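S.K.: Can you look at this prediction? I've put the sequence above it.
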Amino acid sequence: MKLLQLFPITTKIKNDSLTIAENDIALMTEEYGTPLYLYDRATMDSAATGYQTALASHYPRPASVTYAGKAFLNTAIAQWTQSHNLFVDCTGEGEIAIAMAGGVPREYILVHGVNKSEADLKSALQSAGTIVVDNITELQRIVELSPIPDSQFPNLWLRLLPGVAVETHHAHTQTGQHDSKFGMTREEIMEASAYCKSRNLPLNGIHFHQGSNFRDPGPLTAAIELGLDIANDIVFNGEWHFCPGGGWGVAYHEDELPQPDINAYVRMVAENVIAGCTTRGLTLPHLHLEPGRSLVARAGVAVYRVGAIKRRGEKVWVLTDGGMTDNPRHAMYGARYSCLPVSGVSAERCEKVSIAGPYCESGDVVIEDLLMPRLEVGDLIAIPASGAYHLSMSSNYNGSRKPTVLWLEDGRAQVIMRRETVDDLLRRDASL
Ligand SMILES: Cc1ncc(COP(=O)(O)O)c(C=O)c1O
């Protein structure tokens, strides 16, 4: 079944029901309830290895993969990153703390953020190996907080605004366009570089990111060229680092299959960097890639239970117990998904349904107009490609509690995040 290619690589159909990593999904819901999130370790391992193998075969100098924590980060995921020696991109103090709880060593913590607070910067100065500087004000703030760099001072990379974005399905997932809020123009980068040099700051890298969930790496060429021109102008001392971001896409819907090829993307980046450095007489940098989604999206599956079905003319609403609070991506930017029933997988897909959650918003919809087998109240559905930007963007709207997350490996299922309780909701409140 083609649609299974959207699911984790260990997904199988047994007795017409879905299993992942030899765990029966329906049985797991009996023990842990719904909504339930499942993460398949083998799928994450395979993606990480895919990147590393591609880098090793296409790039002759040191190269590293950074896991973009914004896709989904908790202690267990941070621990997993270290089983592959991944750097971890942390946005601010909160994610730095999670990475540290997962044992990520200082040199592997890289800190991003478009308007880092003083607390973010203090935490980064104390615990990170690299700070990617977004703007000159931030650079000045770093110096105010730590005027004399010592041996523990993080490396500083400058975030370039390349002025060209990649093609994504929605403007909200583009970051590299000329009027984006992220990064610095070429002129600002040169000013920042002069500032670093005048204060002896350990500036040794250039970073840019052009958008998230793209399939055509074409626009990277111009941005890589600009980044290398700037590196040429800056003249780094010794080893330098170059990171053309992340954002490589994944398939969310069967129309988007086959899955985008990680090897082809990495080869294209590596070849462009090698050619651009050779032309300019630059030494090859330590090359970094910074994917989040393509490491973790396919590994994740959201499991919801159908609570009610409403037929309104042509429209069939399947109302589930999960929705925009655990997955806001459709509500935010119209992300498309597909799904399967957990049992009766092979039944004919005969009815067009829309899957909506239980929350008080008409926009609380996860899937629109998808052909599904005829569903009944009480059925379970499994939504693939749910591993990235769901739980990391989840909310407590309507007092909802964030779901249990299970880590699946070789027939075992382990809770890596328990379901929130009403007590969790009340924990921050104070009485009048
Ligand atoms: C700076 C930076 N790096 C990496 C990523 C990861 O993108 P993706 O999860 O699409 O690979 C993002 C996402 O927006 C980002 O802003």
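M.R.: Yes, it's here. Numbers count the residues shown, from 1 in each chain.
S.K.: if you average pLDDT over stretch 310-328, what comes out?
M.R.: What stretch 310-328 shows for mean pLDDT is 97.
S.K.: That one: which residues count as buried?
M.R.: For stretch 310-328, the neighbour count (16 or more other C-beta atoms under 10 Å) marks Val316, Val318, Leu319, Thr320, Asp321, Gly322, Gly323, Met324, Thr325, Asp326, Asn327, Pro328 as buried. Bear in mind the C-beta positions are built from the backbone N, C-alpha and C, glycine included.
S.K.: can you list the residues of the stretch 201-350 of the chain near the ligand?
M.R.: His209, Ser212, Asn213, Gly245, Gly246, Gly247, Glu290, Pro291, Gly292, Arg293, Ser294 (C-beta under 6 Å from any ligand atom).
S.K.: All the helices of the protein, in order from the start?
M.R.: For the chain, the helices defined by DSSP state H occupy 25-32, 41-58, 75-83, 92-101, 118-127, 136-145, 186-198, 220-234, 262-280, 293-296, 329-333, 422-426.
S.K.: which other residues reach the fifth one?
M.R.: Read it as helix 118-127. For helix 118-127, the surrounding residues in contact (C-beta atoms under 8 Å, 6 or more residues apart in numbering) are 92-93, 96-97, 100, 106, 109, 111, 113, 116, 131, 138, 141-142, 145-146, 153-154.
S.K.: how many neighbours does the residue in the stretch 151-300 of the chain that the ligand sits nearest to have?
M.R.: For the stretch 151-300 of the chain and the ligand, the shortest gap (C-beta to the nearest ligand atom) falls at Gly292, measuring 2.8 Å. Residues lying near Gly292 (other C-beta atoms under 10 Å) number 24.
S.K.: in the stretch 301-432 of the chain, what residue is nearest the ligand?
M.R.: For the stretch 301-432 of the chain, C-beta to the nearest ligand atom, closest residue to the ligand: Ala388, 5.8 Å.
S.K.: Just confirm Thr325 contacts Gly399, I think it does.
M.R.: No: using C-beta atoms under 8 Å, Thr325 is not in contact with Gly399; the gap is 9.6 Å.
S.K.: what's the closest non-adjacent residue to Asn135?
M.R.: Distances taken as C-beta to C-beta, 6 or more residues apart in numbering put Met184 closest to Asn135, at 6.1 Å, once the chain neighbours are dropped.
S.K.: List the beta-bridge partners for the one you found.
M.R.: As for beta bridges, Met184 partners with Leu160 under DSSP bridges.
S.K.: mind listing what it touches?
M.R.: Taking C-beta under 8 Å, 6+ apart, one finds Asp134, Asn135, Ile136, Leu158, Arg159, Leu160, Leu161, Ala192 in contact with Met184.
S.K.: State the distance from the third one to Tyr59.
M.R.: According to C-beta to C-beta, to the nearest Å, Ile136 and Tyr59 sit 31 Å apart.
S.K.: For these two, indicate the residue with more neighbours.
M.R.: Ranked by neighbour count (other C-beta under 10 Å), Ile136 and Tyr59 place Tyr59 first, with 21 against 15.
S.K.: So which bits of the lengthiest strand in the chain are buried?
M.R.: Criterion DSSP state E: the longest strand present in the chain is strand 300-312. By neighbour count on 16+ other C-beta under 10 Å, the buried set for strand 300-312 is Gly300, Val301, Ala302, Val303, Tyr304, Arg305, Val306, Ile309.
S.K.: one step back: so which of the contacts of Met184 comes closest to Tyr333?
M.R.: Distance to Tyr333 across the contacts of Met184 (C-beta to C-beta) is lowest for Leu161, with 21.2 Å.
S.K.: My guess is that closest one contacts Gly183. True?
M.R.: Yes: using C-beta under 8 Å, Leu161 makes contact with Gly183 at a distance of 3.7 Å.
S.K.: intersection of neighbour lists for those two?
M.R.: Common contacts of Leu161 and Gly183 (C-beta under 8 Å, 6+ apart): Phe208.
S.K.: In terms of neighbours, single out the busier of those two.
M.R.: Neighbours were counted for Leu161 and for Gly183 using other C-beta under 10 Å; Leu161 has more, 26 against 23.
S.K.: Contact partners for that one?
M.R.: Residues in contact with Leu161 (C-beta under 8 Å, 6+ apart) are Gly176, His178, Ser180, Phe182, Gly183, Met184, Thr185, Phe208.
S.K.: how about low-confidence regions in this protein?
M.R.: The model of the chain has pLDDT under 70 over residues 164.
S.K.: Domain map for it?
M.R.: According to automatic domain parsing, the chain comprises the domains 2-33+299-426, 42-296.
S.K.: For Leu432, which of the ones you listed is the nearest?
M.R.: Each of those has some distance to Leu432 by C-beta to C-beta; the shortest is domain 2-33+299-426, at 14.3 Å.
S.K.: mind checking the end-to-end distance for the closest one?
M.R.: With C-alpha to C-alpha, to the nearest Å applied, domain 2-33+299-426 spans 44 Å between its terminal residues.
S.K.: next one: stretch 421-432 to chain centre, how far?
M.R.: The chain centre lies 30 Å from the centre of stretch 421-432; the measure is C-alpha atoms, centre = their mean, to the nearest Å.
S.K.: before we move on, back to that, make a markdown table from the domains of the chain and add distance to Leu432 to it.
M.R.: Shown next, in a markdown table, are those (distance: least, C-beta to C-beta, whole Å):
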| stretch | distance to Leu432 |
| --- | --- |
| domain 2-33+299-426 | 14 |
| domain 42-296 | 28 |
